[in-house]
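K.L.:
Output the structure for:
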Amino acid sequence: MKNKPQTIDFSVVIPVYNRPEEIQELLHSLTKQTYSHFEVLIIEDGSTEKCEQIVESFSNRLDVTYIYKENSGQGFSRNLGFEEAKGEYFIIFDSDCLIPPLYFETVNNHIQSQWLDAFGGPDKAHDSFSILQKAISYSMTSPFTTGGIRGNTKHAGTFHPRSFNMGISRTVFEKTDGFKITRMGEDIELSIRTNRLGFKTGLIPQAFVFHKRRTSLTQFFKQLHFFGRARINIGRFYPAEIKFVHWLPLLFLMLGVLYITLPFWAPHYFIIATFFVVSYFGALAIHSTYKNGNILVGLLSIITSVVQLAAYGLGFVTELFNKETQ
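P.N.:
The predicted structure follows:
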């Protein structure tokens, strides 16, 4: 849009709950930005492990504000940040992200040349991540899993920015009133309303973040189980937003159970099925090894991909039988 200024003042809103170490790493990454027209608002959502002193230690390097509130969830915490923000464009990060130095310069240049009222960006694995974190990151972005839809231009349906790496203009906030639900797919719900109001949304491929996600398979399982439940919760508000692709993890889970039972009732099909199973996971491991340059990450990606699909599928079917809107 030709009337937009050459620099945009961003307000970065980050909710945090009992993760002071993550905030320290995230703020440190923000001190390395090549573009400096931004403020940072840390919204402490009722944490018992507060990060106030850590935030204060960055006050001479960043325009940073610390706000403590009673626990209400990440969506409503972000709304509070929006209300206190001074910028004309709001950026949302999860507390477990690291931000590359060119992030804000990339976003500013893109929305100057191709204005977006709201945008999302991809996530990647940082070199410092553990082998498990890299395998989890691969599973969440791989073309061999439904995670490949995230942060990709070839997504299913209308693009919906996600809150681990998301931006909205002040006008979008004023027209939508921000998050209407505080969890269980709150970012998708906001994205849907933003699109339906006629705002222009899109992906900025080069505006990626390094997303650490979870550090154990148990935590990863719980997170993806929650994601599966959240998709059904979104469907309660917008039934048409549950696409075929969202059923695929449940189909994967059902086929997995069928495969395990084959030797007991159809052993002659077990060998044929095993060929397809080995081929699929072999291709996945080879692709992950190539992408990460590490065979251990490639092999571990088999496990993390099974966890991702099975946990999402279980959460999806569990919430199908839960009649309560979150």
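K.L.:
Quick one: name whatever helix or strand follows the helix or strand encompassing residue 234.
P.N.:
Using DSSP states H and E, residue 234 falls within helix 217-237. Note on helix 217-237: by DSSP H and E, the next helix or strand toward the C-terminus is helix 244-265.
K.L.:
counting contacts, what elements does that following helix pack onto?
P.N.:
Secondary-structure packing of helix 244-265 (3 or more Cβ pairs under 8 Å, 6 or more residues apart in numbering; DSSP states H and E): helix 267-292, helix 295-320. To be clear about C-beta, it is placed using only N, CA and C from the backbone, and glycine gets the same treatment.
K.L.:
isn't there a helix covering residue 50?
P.N.:
No - per DSSP: H, G, I helix; E, B strand; the rest coil, residue 50 lies outside any helix segment and is coil.
K.L.:
Could I get the pLDDT score of the closest residue to residue 259 other than its chain neighbours?
P.N.:
The shortest distance from residue 259 to any non-neighbouring residue, by Cβ to Cβ, 6 or more residues apart in numbering, is to residue 273 (5.4 Å). Note for residue 273: predicted pLDDT of 97.
K.L.:
And the one 3 residues further on, by the same measure?
P.N.:
Turning to residue 276, the model gives it a pLDDT of 97.
K.L.:
one step back: could you give me the buried positions within the helix holding residue 234?
P.N.:
With burial defined by 16 or more other Cβ atoms under 10 Å, the residues of helix 217-237 counted as buried are 217, 220-221, 223-236.
K.L.:
returning to what we had before: so how far is residue 299 from the residue nearest to residue 259?
P.N.:
21 Å (Cβ to Cβ, to the nearest Å).
K.L.:
try residue 205
P.N.:
Distance from residue 205 to residue 299, by Cβ to Cβ: 29 Å.
K.L.:
residues contacting residue 223?
P.N.:
Contacts for residue 223 (Cβ atoms under 8 Å, 6 or more residues apart in numbering) come out as 213-214, 311.
K.L.:
which one in those residues is the model shakiest on?
P.N.:
residue 214 (75).
K.L.:
residues in contact with that residue?
P.N.:
With Cβ under 8 Å, 6+ apart, residue 214 has these contacts: 136, 220, 222-223.
K.L.:
my guess is residue 111 contacts residue 7, does it?
P.N.:
No - in this structure residue 111 lies outside contact range of residue 7 using Cβ atoms under 8 Å: 11.2 Å.
K.L.:
Who has more neighbours out of those two?
P.N.:
residue 111 (22 against 11; other Cβ atoms under 10 Å).
K.L.:
which SSE is the more buried one in?
P.N.:
helix 103-113.
K.L.:
Please identify the buried residues of that helix?
P.N.:
Buried-residue list, helix 103-113, by 16+ other Cβ under 10 Å: 103-104, 106-108, 110-111.
K.L.:
Stretch 112-126 too?
P.N.:
By 16+ other Cβ under 10 Å, the buried positions in stretch 112-126 come out as 116-126.
K.L.:
Let's have those residues in TSV, adding distance to residue 242 and pLDDT.
P.N.:
What follows is these, written out as TSV (distance: Cβ to Cβ, whole Å; pLDDT from 0 to 100):
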residue	distance to residue 242	pLDDT
116	26	96
117	25	97
118	22	97
119	24	97
120	20	96
121	24	96
122	23	94
123	23	93
124	28	92
125	29	92
126	33	92
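K.L.:
Which of those residues sits closest to residue 79?
P.N.:
Within the buried residues of stretch 112-126, the smallest distance to residue 79 is 15.3 Å, found for residue 118 (Cβ to Cβ).
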